[in-house]
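>>> could you look at this predicted model? Sequence included:
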Amino acid sequence: MEEPAAGSSRAWGVRLKGPGMQALVLLLWTGALLGSGSCQNAGPEEGSPAPDTVGAPVEEEDPFFKVPVNKLAAAVSNFGYDLYRVRSSESPTANVLLSPLSVATALSALSLGAEQRTESSLHRALYYDLISNPDLHGTYKELLAAVTAPQKNLKSASRIIFEKKLRIKASFVAPLEKSYGTRPRILTGNSRLDLQEVNNWVQAQTKGKVARSTRELPGEISILLLGVAYFKGQWVTKFDSRKTSLEDFHLDEERTVKVPMMSDPKAVLRYGLDSDLNCKIAQLPLTGSMSIIFFLPLKVTQNLTMIEESLTSEFIHDIDRELKTVQAVLTVPKLKLSYEGELTKSVQELKLQSLFDSPDFSKITGKPIKLTQVEHRIGFEWNEDGGSATSSPGPRLTFPLDYHLNQPFIFVLRDTDTGALLFIGKILDPRST
Ligand SMILES: *[C@@H]1O[C@H](CO)[C@@H](O)[C@H](O)[C@H]1NC(C)=O
């Protein structure tokens, strides 16, 4: 996969109304009213989009994206969807869990030390070239404050680690601390002490929720970026744990496993059927102005490529506006996932190879340095926990809808206030940790 940031995902400013959204809008109520039965006849249906508007900019920029912090959130989230696509294509048969924001934050912070050519590569990858914001880093500070506010339950931190004994300029450290609230770490060269220090930092940032790493730090570090995050979802309406039981999860067309499945026979959720992506989209609110959007294919499949390719900040924002509140019989597998490893290769694929070859970081130090590793350590879970015990009554429907996350699906966790993508996962098997 050579250009993960496909051309279409860089559309900006005016949102291009593609066929996907129109179909989603038109089929919303069809889907809702036909209930689960509608998935059997999900092919092309009457009321397909009017062809004359396809690909034409038909709408002004959404006022939501005129707010600088939302626009910045959309940019870094688009980087996040790109990173996710690369990871997912590298891992076609295993779960993918990412907190792209922590990686974007590290890259954005690093751009403070980049001279023109290197800065433009970073800005392009982060979609900063498509927004005109003279105070990017100040706005980034606002974004970080918004998404890590205590009620969000999100722990997210990023760090830049430099090779041993590197002398770095105060003119780089000061703005880094001011906008990103982080101090760079310079290695001592004692690998045991360095690993211990990094582990302690991760523990402190995630309140001990992300396990200590037993892996050694890589040998040849020049610049290592570390993104860590932990999140435990709190549903606005909690699940009744007495209704949780072992149920089938279809890994693919043949294999089935038993997993603890939470259920709510009268869940109120926001829903839409997307006939182009052949999937049922649902959104469940979390406390702290956050929500999770699920993408569930109509047929059991591990190939979620088509959905993945449509993921952009603008598309998700449109979905968020178009979904309709329904009452549903809902089942959701309990989930507890973690990931620890390198994202180096994936980041290189996002047109950032030059940062690993001969970048210009002369705002950081006089010595030639380059990016050598990008590491990610994250944890993510949800169970029955949440706010109130009962949901507000949903709309009355003659046929209640079924929404069962009992086969591979994608979830997107976002901050509702800014639209920022916080976590994204491809769940092929909920048992994997
Ligand atoms: C996944 O589906 C897409 C289209 O939906 C197709 O182009 C691709 O070849 C499929 N990939 C695999 C591995 O089957």
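That came through fine.
>>> how far away is residue 264 from the ligand?
Between residue 264 and the ligand the distance is 31 Å, computed by CB to the nearest ligand atom, to the nearest Å. Backbone N, C-alpha and C define where each C-beta goes, glycine included.
>>> can you offset everything so residue one is 636?
Renumbered: residue one is now 636, and that last one reads residue 899.
>>> helix or strand for that residue, which one?
Assigned by DSSP states H and E, residue 899 belongs to strand 891-909.
>>> tell me the mean pLDDT over the helix or strand following that strand?
Next helix or strand after strand 891-909 toward the C-terminus (DSSP H and E): strand 914-921. Strand 914-921 shows an average pLDDT of 97 in the prediction.
>>> now do strand 914-921 and strand 891-909, the angle between them.
Counting by axes from the mean of the first three to the mean of the last three CA atoms, to 10 degrees, strand 914-921 lies at 100 degrees to strand 891-909.
>>> before we move on, the earlier item: neighbouring strands - and their directions - for the strand holding residue 899?
Strand pairing for strand 891-909, using DSSP bridges, gives strand 880-885 (antiparallel), strand 914-921 (antiparallel), strand 959-968 (antiparallel).
>>> ok, for the residue in the stretch 886-1035 of the chain that the ligand sits nearest to, nearest residue in space, not its chain neighbours?
Nearest residue of the stretch 886-1035 of the chain to the ligand, counting by CB to the nearest ligand atom: residue 938, 3.7 Å away. Leaving aside its sequence neighbours, residue 938 sits nearest to residue 727 (CB to CB, 6 or more residues apart in numbering; 7.8 Å).
>>> and if you look at residue 1010?
In this structure, residue 1010 finds its nearest non-sequential neighbour in residue 861, 4.9 Å apart by CB to CB, 6+ apart.
>>> and residue 1048, how far from residue 999?
Using CB to CB, to the nearest Å, residue 1048 is found at 33 Å from residue 999.
>>> neighbour count winner among these two?
The neighbour count for residue 1048 versus residue 999, taken as other CB atoms under 10 Å, is higher for residue 999 (25 against 21).
>>> spatially, what comes nearest to that one if we skip its sequence neighbours?
Nearest to residue 999 is residue 748, by CB to CB, 6+ apart, at 3.7 Å.
>>> right, and that neighbour touches residue 995 too?
No. In this structure residue 748 lies outside contact range of residue 995 using CB atoms under 8 Å: 9.4 Å.
>>> neighbour-wise, which of the two wins?
A direct count of neighbours by other CB under 10 Å for residue 748 and residue 995 places residue 748 higher, at 26 against 18.
>>> pLDDT value on the more buried one, please?
The model's pLDDT for residue 748 equals 97.
>>> just list whatever residues bridge to residue 885.
Legend: beta-bridge partners of residue 885 under DSSP bridges are residue 891.
>>> thought residue 718 was touching residue 736?
No. Here residue 718 lies out of contact with residue 736, judged by CB under 8 Å, at a distance of 10.3 Å.
>>> more neighbours, the two?
Between residue 718 and residue 736, counted using other CB under 10 Å, the more crowded position is residue 736 (30 against 27).
>>> now the element after the lengthiest helix in the chain, going C-ward?
As assigned by DSSP state H, the longest helix anywhere in the chain is helix 703-725. Sequence-wise, the next helix or strand downstream of helix 703-725 (DSSP H and E) is strand 731-733.
>>> so the very next helix or strand once past that following strand versus helix 703-725, what angle?
For strand 731-733, the succeeding helix or strand toward the C-terminus, using DSSP H and E, is helix 735-745. When the same axes, to 10 degrees is applied, the directions of helix 735-745 and helix 703-725 differ by 110 degrees.
>>> now do the SS call for residue 792.
Following DSSP: H, G, I helix; E, B strand; the rest coil, the label given to residue 792 is strand.
>>> just checking, it touches residue 863?
Yes. Counting by CB under 8 Å, residue 792 touches residue 863, with 5.3 Å between them.
>>> overlap in contacts, those two.
Both residue 792 and residue 863 are contacted by 737, 840, 841, under the criterion CB atoms under 8 Å, 6 or more residues apart in numbering.
>>> the first one and residue 845, how far apart?
According to CB to CB, residue 737 and residue 845 sit 11 Å apart.
>>> quickly list what's touching both of those two.
With CB under 8 Å, 6+ apart as the test, residue 737 and residue 845 both reach 863, 864, 1013.
>>> the second one in helix, strand or coil?
Three-state assignment for residue 864 (three-state DSSP): strand.
>>> what's the neighbour count on residue 962?
Counted by other CB under 10 Å, the residues lying close to residue 962 total 21.
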